[in-house]
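S.K.: Kindly generate the corresponding structure for this input.
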Amino acid sequence: MTHMHGLDVAIIGNKDQTSLMRMAGVNKYRTIDSDADIADKIRKALNDFLNDTSVGIIMIPQPWAIHVADILERIRKNKRISTVIVEIPPDFKAEPLDVKAYYKAYTKRLIGFNVEI
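M.R.: Presented below is the predicted three-dimensional model:
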């Protein structure tokens, strides 16, 4: 298992998403334009980051997760993989969201049980 100290965060997203995260200090990114071969570009970027042992967290927009659903499912089933995939909202607009319920469901899906704090 990879040592978790000092791992990088990476993002796969559009120009606005990657630019914002770069301003926040994320140095590993793939900017992908929406075009005919977007699915191939997303799959390649995700596989590149998964093979990079310095990456511990990969962010990807929720609508794009459908293009890599098989990879995400394999990662969720294989508990030994140390890279965490975080699906981020696609837009910067605020929507009413029960944050506690969202992360409770996300945590259960990710690790298989609820965590109460």
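S.K.: Show the contacting residues for residue 12.
M.R.: By Cβ atoms under 8 Å, 6 or more residues apart in numbering, residue 12 lies in contact with 29, 30, 32, 42, 45, 46, 49, 58, 59, 60, 61, 64. C-beta here means a position set from N, CA and C on the backbone, and glycine is covered the same way.
S.K.: now, among these, which is nearest to residue 73?
M.R.: residue 46 (12.8 Å; Cβ to Cβ).
S.K.: Check which helix or strand the closest one maps to.
M.R.: helix 38-50 (DSSP states H and E).
S.K.: for that helix, packing partners?
M.R.: strand 8-13, strand 28-31, strand 55-61, helix 69-77 (3 or more Cβ pairs under 8 Å, 6 or more residues apart in numbering; DSSP states H and E).
S.K.: The third one pairs with which strands?
M.R.: Read that as strand 55-61. Strands that pair with strand 55-61, judged by DSSP bridges, come out as strand 8-13 (parallel), strand 84-88 (parallel).
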